[in-house]
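Chemist: take a look and give me a structure for this.
(2 chains)
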Amino acid sequence: MIMSERRQPGPAAQLKEAPAGPTMKPDAEQTRPSAPDGQTDLQLVRKARQGDRSAFDLLVLKYQSRVASIISRYIYDSQEVLDLTQETFVKAYRAIERFRGDSAFYTWLYRIAVNTAKNFLEARGRRPQGVADVNDAESFEDGFRLRDVGSPEGFLQRDQLREALEAAIGSLPEELRSAFLLREYEGLSYEDIARILECPIGTVRSRIFRARDAIDRQLGPMLDNT
Amino acid sequence: MSDENSEVQAMDDRLRETLSAMMDDQADELAVRRVLSHHDQPAVRDQWQRWQRIRDVIHETPSGHAGLDVRDAVSASLDRSASADDSHRQAVRRRHAPWRWSAVAMITFGVAIGFGAGSGWDVMSGTGSDSLVPVQAQVPAAAQDSAVPQVTLQGLDARQREQVSRYLLEHAQNNSVVAGQGAVGYARLTSMSGTGY
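Modeler: Model (predicted):
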């Protein structure tokens, strides 16, 4: 099992306390995101296929940490991890015509990353040290549950960042906080959030944006240092 | 940092709100296109990356590589390979160009030789396919002296010209029947020869 247990962060508790309209039931029907998952990825892939490198840049920036984490399952040398992360995206760009959209873009990328790492090890006569498998991409499509192999400094930075994040979320005006938490922690679509908060979708969209903006401003220097 | 903030500020709030919606898969195709066509792409990328990092922290994406940024390296690598592909294509084109002209010249020469052979073959030995071999053997020797006058149609008399025409027409006609590709050539020859074929 490569995943670590997902911690319940502080803001999730804040969400439960927030009087956000009708009572939120934790049943699957209500908590399942109804947003078209991966829609932005597909749009970016389409543009990248047409040669729009800016679109592919956004995909790189979105997934680079996760791809590096996948490769870290196999390879422990950080420079090699960086090189193979880069190679994974180069291969993905060259093969993007072959991405048919049958699976999520991340699943496809995950496969490329795993194969790149395995091929690298085989070329050097080394056996894969890690335990990640291509099937993991299907099981954990959101890619959020991989085991962390960061350095102690990395852990410390992350803990500090997490604390700062929780403080930033806690200081948000209630209507912004509710919308943001419903989106980020519960994964609800704007439509569902609008129903719960009893406000127009445009308002939800605006509130989530303003929440992100406020958090970004508060975390600013810390994000730069990570 | 202050520079980066001013870069981010270069995007108006409407566009940043769209980018935020893109984070949540809630932006339509037109909105995505608007973001991608914004003149200040570094600002777009910077804002996108910062929000992605926040999300990574929220969702506990392994942070051992949280600060990494391979975008520049990937982009440079793709640029390099694109220019390498271009120069490879150009090199291949350069390498093949002389051969292409040589091939054209050889085909032209072959056709001209064919005309020459056709013109000599009836004159020298009457009819029959067995006369083809000696005529072919003679052509290079003749061509060594003065190839051009002998292999052109201009040196043929009316009877020889008629025979060549007839031969070519039959050939084109057969070709158009068998392969279905020679109809144009046949039509062209018919219209040029005016012999009624």
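Chemist: thought A:Asp57 was touching B:Arg71?
Modeler: Yes - the pair A:Asp57 and B:Arg71 qualifies as a contact (C-beta atoms under 8 Å) at a distance of 5.6 Å. Glycine gets a C-beta too; all of them are placed from N, C-alpha and C.
Chemist: neighbour-wise, which of those two wins?
Modeler: When neighbours are counted by other C-beta atoms under 10 Å in any protein chain shown, A:Asp57 comes out ahead of the other of A:Asp57 and B:Arg71, with 24 against 19.
Chemist: what about B:Tyr167, how many residues nearby?
Modeler: 15.
Chemist: what does stretch B:79-90 rub up against?
Modeler: A:90, A:94 (C-beta atoms under 8 Å, 6 or more residues apart in numbering or on different chains).
Chemist: list the buried residues for that stretch?
Modeler: For stretch B:79-90, a neighbour-count test (16 or more other C-beta atoms under 10 Å in any protein chain shown) marks nothing as buried.
Chemist: before we move on, back to that, now do the shared contacts for A:Asp57 and B:Arg71.
Modeler: Common contacts of A:Asp57 and B:Arg71, defined by C-beta under 8 Å, 6+ apart, comprise B:Arg45.
Chemist: tell me how many other residues crowd A:Ala104.
Modeler: By other C-beta under 10 Å, the residues close to A:Ala104 number 18.
Chemist: do the same with B:Arg55
Modeler: 16.
Chemist: quick check: it touching A:Glu184?
Modeler: Yes - between B:Arg55 and A:Glu184 there is a contact at 6.9 Å, judged by C-beta under 8 Å.
Chemist: ok, A:Gly38 to A:Tyr106 distance?
Modeler: Distance from A:Gly38 to A:Tyr106, counting by C-beta to C-beta, to the nearest Å: 8 Å.
Chemist: do B:Thr108 as well
Modeler: 58 Å.
Chemist: so which of these two has more stuff around it?
Modeler: Taking neighbours as other C-beta under 10 Å, B:Thr108 and A:Tyr106 compare with A:Tyr106 leading, 22 against 10.
Chemist: and the more buried one, what pLDDT?
Modeler: Looking at A:Tyr106, its pLDDT stands at 93.
Chemist: equivalent analysis for B:Ala21, please.
Modeler: 97.
Chemist: also A:Tyr76?
Modeler: Predicted confidence (pLDDT) for A:Tyr76: 86.
Chemist: look up phi and psi at the residue nearest to A:Gly38 when sequence neighbours are not counted.
Modeler: Spatially, and ignoring its direct neighbours in sequence, A:Gly38 is nearest to A:Ala104 (4.7 Å; C-beta to C-beta, 6 or more residues apart in numbering or on different chains). Main-chain torsions, A:Ala104, degrees, to the nearest 10: phi -70, psi 150.
Chemist: need the three-state assignment for B:Gln26.
Modeler: coil (DSSP: H, G, I helix; E, B strand; the rest coil).
Chemist: grab the nearest non-local neighbour of it.
Modeler: Nearest non-adjacent residue to B:Gln26, counting by C-beta to C-beta, 6+ apart: A:Tyr190, 5.1 Å away.
Chemist: now swap in A:Leu188 and tell me
Modeler: Nearest non-adjacent residue to A:Leu188, counting by C-beta to C-beta, 6+ apart: A:Leu182, 4.9 Å away.
Chemist: average pLDDT for the longest helix along chain A?
Modeler: Assignment by DSSP state H gives helix A:201-225 as the longest helix of chain A. Helix A:201-225 carries an average pLDDT of 91.
Chemist: over to stretch A:161-177?
Modeler: pLDDT averaged over stretch A:161-177 gives 94.
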